Each structure stands twice: as C-alpha cells, then as structure tokens.
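Colleague: when you get a sec, could you give me coordinates for this:
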Amino acid sequence: MTVTRARKSSRTGVVVLAAAAMAATAFTAPARTPQDTAPAAAGHRATQRAMDAAVRAGVPGVTAQARDADGVWKAASGVGDRATGAPRGKNDRFRVGGITNTFVAVVLLQMEAERRLSLDDTVERHLPGLVRGNGNDGRGITVRQLLNHTSGLFDYYADQDYAGTYLTGDGYLRHRYDTLTPEKRVAAALSHEPLFAPGARHAFSGTNDVLAALIVERAGGRSYEDEVRDRIIEPLGLGATSHPGTGVRLPRPSSRGYSRLFPSAPDRIDDVTEVNGSQGWGNADIISGAGDLNRFYGALMRGRLLPPRQLKAMKTTVDNPDFPGSSYGLGIERYTLGCGTTLWYHDGGTVGWISFAATTEDGRHQLAFNYNGDWGAETILPVLNAEYCDTPSR
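Modeller: The predicted model follows:
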C-alpha cells in the first residue's frame, strides 16, 4: 500500500511523494462512528462541500465523479492552472500513480486463469537472475508476494540517490525528461538488503509492482501496455485511459500538476505537469479520468474482469501493521470507514498528483477523484466520509 511508501520515504528524508502525504494522514485520522455522522445530505452536496474545503485548505483543484443507483455525478473545484486561473475540469485526465497497480494485478490474475502462470511461481522462474544480490533472491519470492507486498524488497522510491535525482528539488527539474528502464529502478532497490524475509509481513514497495509488470511481459510475450489495453481498456471502453510511453504531456482535457519539490522552501510550488512517462513504467504511468476509474473498479467488483476464483484471491488481504484497519489484497486495498462502510480501493500518488478510486464491494457505488497537487492529504478522508457516510445509502 502506498501508505507504507510514505513511512519509508519519511525515514529517508523523501517528503515530496504525494502518496506519502496522503496515506500517512488520511488513514490515521480519527474514525467517525455512526452516531457522530453528519445528517444525510441530498445528492452529493456533502462531497462537493468536502472538495471545496480541500481547495480552501490549499489544494489547487479537485476533479471527481461518483456512480451509484441514481446515476453519474461529476464535479470539480478550484483551479486547473494556477498561472491563468482556469478552473479544474470535470472531465480532466490525470496521472493516476499507484492505481496502475490494480490494472497490472488484473492482467496477472487473468493470466493465472489461463494457466500461463501461477501466483505461487517464483520471480526467478519468470525473471531469471534479475533479483539477486545484497541478500535479495528471486528464488524465494512469489508472484503473490509481489502483488500483496510481502516480498520484503526495498522500495526504490526510498533510495536516497534515486529520490534526489528523480523525485525532489533540482534533481527532479533536471531529470524529469530522462527516459528510464524498469531495470534501473529495480537496481536501485537491489542495492539495499531486503527489509525482511519474504512472507514475513506487508510493506509497500514500488519495486514489487515494477517486477509484476515485467512478469506480465515475460508471461504474455508482448508489452505490458498491450496486455492492459487489450484485456481492460478496450473491453471496458475506457476512452480516457492510456499509457504515455516516453511521452511527457497529458492528453486533453487536462489540468496542470503541481508539487512542493523543495522541503526547505515549503511555500515554493513548481509546475510538474510534464514528465517522461517511462519513469513510472509499470507501477505509476497510466493516465486516466475519474469516470474511467469508476467503470474499471465497478466492473472488477462485479466479476466482469476476473473469474470467481481469481477475484477471491485478489480480495484475500494481509494486514498492514503500519496502519491498523487497512489491509492489502492483490493490487487492491480494503478499508472500513467509521460509519461502517467498507471500501475496496487504491490510492495513487506521484509527483504533482494525488488520485483515489474507491468502490463498495457490490460494485454499485464508486467514487474517484484527483488533486492536481501532491499535498493536502488531510482532506482525503473527509471527502470519503462525505460521499459514503454523509449521504443516504444507495
């Protein structure tokens, strides 16, 4: 879970990652109990108010969409361009960050159903010789452990050299147009010893997700982008969803993305909209919109993408010891709000953006939203409570 990425990043001095800010505050906020839930609001007015409050708290802009029994609700708040004052768009496309992981997990689980691989296969079987050195050994790590983040592999985001070059400050501004290979990011992780023995516990690591995407390619015999497109994007008609490759721009309609890249200058805000898509290949590169994310997670929960056996495996979770109450399945997470509503979701943080996509287990009530800034995490939980606790049950 990106929650754990946050914890490791803080230990290494990396404070820019949006996922870090979001998870560390949103999921440790005091839970609301049913008796202190606000009176039910008509429609989604409470959600709009929570989005507006996030903007008043400093988030540049928010775009959101909800889908439930009453139909589709689209909303936006704040600005999409701080230079011109142009408003945030209701149909914006944005970088979804770690939400990419759910797409990759679905492909691997489909491949398991087709008997192309097993969740209990070792990493070594599919990527021979890649995960070796400093106590790391792909012969003892399974595909399942990659997907539920129990591999023990160090998170490449937390490598100080990598972070200083590609995630923060002047390093990011100098290198954001660089093309990176997935192997380079894996190598950054393998320069460290593992955090623990495979299977011992859960700890989020972006390294797991890069390796999972590499296994998609090895098992499928073609690019991970092709597999995601042919298995998910096209069958579901996700017209706003794409892979950037080595492209640096966002397709339109879209807003600008902003980051506080310099911890020593917290009031400085940089426009970080453009970045080489290869830097998030396999674990943070997908571009999408709130409507497409809702369609994807709704279809997933309703069994349109996976056979029952694979969906059950995906929803088999391990506890996250760093953040009690949250648990991680195979590329998807579970959390129960204080009002009793259980959500299946994934968050996505990347430099300049925070995204969140959630659905009820029956796949009938989804909410997806995006901040075009990588701060303001304390406002995430109020948005979720507004949608799933302050509005009538649908």
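Colleague: how about stretch 317-324: buried residues?
Modeller: Along stretch 317-324, these residues count as buried under the neighbour rule (16 or more other C-beta atoms under 10 Å): T317, V318, N320, D322, F323. Glycine gets a C-beta too; all of them are placed from N, C-alpha and C.
Colleague: make that stretch 124-133, sorry
Modeller: For stretch 124-133, by 16+ other C-beta under 10 Å, it's E124, R125, H126, L127, L130, V131.
Colleague: how far does it stretch from start to finish?
Modeller: 13 Å (C-alpha to C-alpha, to the nearest Å).
Colleague: got the contact list for the helix or strand in which A188 is found?
Modeller: Element membership for A188, per DSSP states H and E: helix 182-190. By C-beta atoms under 8 Å, 6 or more residues apart in numbering, the list of residues contacting helix 182-190 from outside reads 130-134, 136, 153-156, 159, 161-162, 205-207, 210-211, 213-214, 281-282.
Colleague: how about that helix: buried residues?
Modeller: By 16+ other C-beta under 10 Å, the buried positions in helix 182-190 come out as P182, K184, R185, V186, A187, A188, A189, L190.
Colleague: hey, C-alpha coordinates of that helix in CSV?
Modeller: Extracted in CSV, the C-alpha atoms of helix 182-190 (Å, rounded to 0.1, in the frame of the first residue of the first chain):
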residue,chain,number,x,y,z
PRO,A,182,12.4,-0.6,-15.3
GLU,A,183,15.7,-2.4,-14.7
LYS,A,184,17.3,0.8,-13.5
ARG,A,185,14.6,1.3,-10.8
VAL,A,186,14.9,-2.4,-9.8
ALA,A,187,18.7,-2.0,-9.5
ALA,A,188,18.2,1.0,-7.1
ALA,A,189,16.1,-1.3,-4.8
LEU,A,190,18.5,-4.2,-5.0
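Colleague: start the count at 507 instead of 1 going forward.
Modeller: With 507 as the first residue, the last one maps to helix 688-696.
Colleague: as PDB, could you dump the C-alpha coordinates of the very next helix or strand once past that helix?
Modeller: Going down the chain from helix 688-696, the next helix or strand is helix 712-726, by DSSP H and E. The C-alpha atoms that make up helix 712-726 are tabulated as PDB, following Å, rounded to 0.1, in the frame of the first residue of the first chain:
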ATOM      1  CA  GLY A 712       7.100   0.200  -5.700                       C
ATOM      2  CA  THR A 713       9.800  -2.400  -6.700                       C
ATOM      3  CA  ASN A 714       7.200  -5.200  -6.400                       C
ATOM      4  CA  ASP A 715       4.900  -3.500  -8.900                       C
ATOM      5  CA  VAL A 716       7.700  -2.900 -11.500                       C
ATOM      6  CA  LEU A 717       8.600  -6.600 -11.200                       C
ATOM      7  CA  ALA A 718       5.000  -7.600 -11.600                       C
ATOM      8  CA  ALA A 719       4.700  -5.600 -14.900                       C
ATOM      9  CA  LEU A 720       7.900  -7.300 -16.100                       C
ATOM     10  CA  ILE A 721       6.400 -10.700 -15.400                       C
ATOM     11  CA  VAL A 722       3.300  -9.600 -17.400                       C
ATOM     12  CA  GLU A 723       5.600  -9.100 -20.400                       C
ATOM     13  CA  ARG A 724       7.500 -12.300 -19.900                       C
ATOM     14  CA  ALA A 725       4.400 -14.400 -19.500                       C
ATOM     15  CA  GLY A 726       2.500 -12.700 -22.300                       C
END
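Colleague: what about the helix holding A694, distance to the chain center?
Modeller: In terms of C-alpha atoms, centre = their mean, to the nearest Å, the centre of helix 688-696 is found 20 Å from the chain centre.
Colleague: now the angle from it to helix 712-726?
Modeller: 140 degrees (axes from the mean of the first three to the mean of the last three C-alpha atoms, to 10 degrees).
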